[in-house]
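S.K.: Let's see this in three dimensions:
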Amino acid sequence: MLAPLAHPTFRRLFAAQAVALTGTGLATVALGLLAFDLAGDSAGAVLGTALAIKMVAYVTLAPLASALGARLPRRAFLVALDLIRAAVVFALPFVDQVWQIYVLIFLLQAASAGFTPAFQATIPEVLPQEDDYTQALSLMRLAEDTEQIASPLIAAALLTLVSFPVLFAGTVAGFLVSALLVGTSRLPPRQPPGDEPFWATATKGLRIYAATPRLRGLLALEAAVAAAGAMVFVNTVVLVEVRLALGAPQVALAFAAFGAGSILAALLLPRLLHRVADRPLMLAGAALMLAAVAAVPLAAALSALLALWAVAGFGFSLTQTPIGRILNRSAAEPDRPAVFAAQFALSHACWLITYPLAGWLGTMAGLGSVALALAGLGTVALLLTRALWPADDPETLPHAHPDLPATHPHLADHGHGSSHSHRVVIDDLHRTWPVPAR
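M.R.: Residues are numbered from 1 along each chain as shown. The predicted structure follows:
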């Protein structure tokens, strides 16, 4: 798994991700304390609104940011977004009104909506060999899961020495170091979008997504994951503190169990993906998550909940880690940032629906009922995934181009006349998924 770190550019990008994640984790703790400082007992409502703002920014702005980034030098674009994030977080300790938090959170997440997909789309270009890229995806998943465990511990240690606004300084430092590492990396050149209109560039990823069967299936799979994941992320604190009558340390332990399961899967995935294809592995991961959530009504003790959340975390990593491989396989190199941005926006749209659903249903119908409802919703999405994403999903497809003249360069390149076979992705020459030639 460590082999990709031998590549200097990936090593810098991975380090940039690690320090930025740690800084973001510190900001999460600090933001909760800031919300309590300003809103007292209404801090939960403030944080819930901030989370909704984050999701709205991700869903609406990621494709637009991708289109803008396609017209700018990639390295400068990523560095500028890191600096914007650092500036926004620097301002957070100075707010004295709740509405100011909302404005700054929107600006912060708008920058992240541009940075994250562009960063993710860069990795397969830095590591073009699929084995290296798969190991890199596992490393990046491992970094995310480790951050979820480590950042609260780091924050707790710092808070014994300093007040919470200092945590924001750690976040600023993380983004500045990330900007430095990205700025000193040698990123591969990319093709400019040419004369394509801005709106066409902004919607390209969504159009490719809608026209590619495996990506339509991936969206349904993301809905299944969001249904199960919302139960974990929204209702864990209620399950532990209300249903089990325990405290904050046990809440942290439950989230740690989820993270531990995810880390274990990330460690195993490079070997698993040599033996099992992406689709069955990802379907199995979603099924594990849904089974764990469906069993919540039976979890009458903390040990049972920890076991279920470890299973859910394992399934979560099985579904999320290979996504980059699917996107990479489904887009030509110039279109990868647009497709990664579409995935970013559409997956967060799923969470935007399931987060409030988990909260509202949990309040109105009870924890057992919401667990079964979300598991049922996720099961429907999983069945839809199986229908939309063909089990036989070859990259190379026979097809014809009856609309192209016999002298067209595309036909000449493949040397088979109007009917031929090659790796198919949706692009200017393949605007719909090809029907096999007869």
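S.K.: Report the central residue of this protein.
M.R.: Against the mean C-alpha coordinate of the chain, by CA atoms, centre = their mean, the closest residue is Phe344 at 6.1 Å.
S.K.: Now the helix or strand harbouring that residue: buried residues?
M.R.: Remark: Phe344 resides in helix 336-365, with elements defined by DSSP states H and E. Residues 336-359, 361-362 are the ones in helix 336-365 that count as buried (16 or more other CB atoms under 10 Å). (C-beta placed from N, C-alpha, C; glycine too.)
S.K.: repeat for stretch 129-137
M.R.: Under the neighbour-count criterion of 16+ other CB under 10 Å, stretch 129-137 has 132-137 buried.
S.K.: same check, this time on stretch 296-303
M.R.: Per 16+ other CB under 10 Å, stretch 296-303 contains these buried residues: 296, 299, 302.
S.K.: Can you add distance to Asn235 and secondary structure and give the residues you listed back as JSON lines?
M.R.: Below are the buried residues of stretch 296-303 laid out as JSON lines (distance: CB to CB, whole Å; DSSP: H, G, I helix; E, B strand; the rest coil):
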{"residue": "Val296", "distance to Asn235": "8", "secondary structure": "helix"}
{"residue": "Ala299", "distance to Asn235": "12", "secondary structure": "coil"}
{"residue": "Leu302", "distance to Asn235": "15", "secondary structure": "helix"}
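S.K.: of the residues you listed, the lowest pLDDT goes to which?
M.R.: The lowest pLDDT within those belongs to Ala299, with 87.
S.K.: So Ala342 versus Thr203, what's the distance?
M.R.: When CB to CB, to the nearest Å is applied, the distance between Ala342 and Thr203 equals 9 Å.
S.K.: now Phe119
M.R.: Plainly put, Phe119 is 21 Å away from Thr203 if you go by CB to CB.
S.K.: before we move on, back to that, redo the buried residues of stretch 129-137 as TSV? Include distance to Ala245.
M.R.: As requested, the buried residues of stretch 129-137 are arranged in TSV below (distance: CB to CB, whole Å):
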residue	distance to Ala245
Asp132	49
Tyr133	46
Thr134	43
Gln135	43
Ala136	43
Leu137	40
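S.K.: Which ones among those lie within helices?
M.R.: 132-137 (DSSP state H).
S.K.: ok, back up a step: what's the overlap in contacts for Ala342 and Thr203?
M.R.: Counting by CB atoms under 8 Å, 6 or more residues apart in numbering, the contacts common to Ala342 and Thr203 are Pro63.
S.K.: Which member of the buried residues of stretch 296-303 is positioned nearest Pro402?
M.R.: Proximity of these to Pro402 (CB to CB) peaks at Val296, which lies at 54.6 Å.
S.K.: now the helix holding Phe344, how far from the centre of its chain.
M.R.: Its chain's C-alpha centre and that of helix 336-365 lie 11 Å apart, by CA atoms, centre = their mean, to the nearest Å.
S.K.: continuing past it, what's the next helix or strand?
M.R.: Past helix 336-365, heading to the C-terminal end, the next element that is a helix or strand (DSSP H and E) is helix 367-388.
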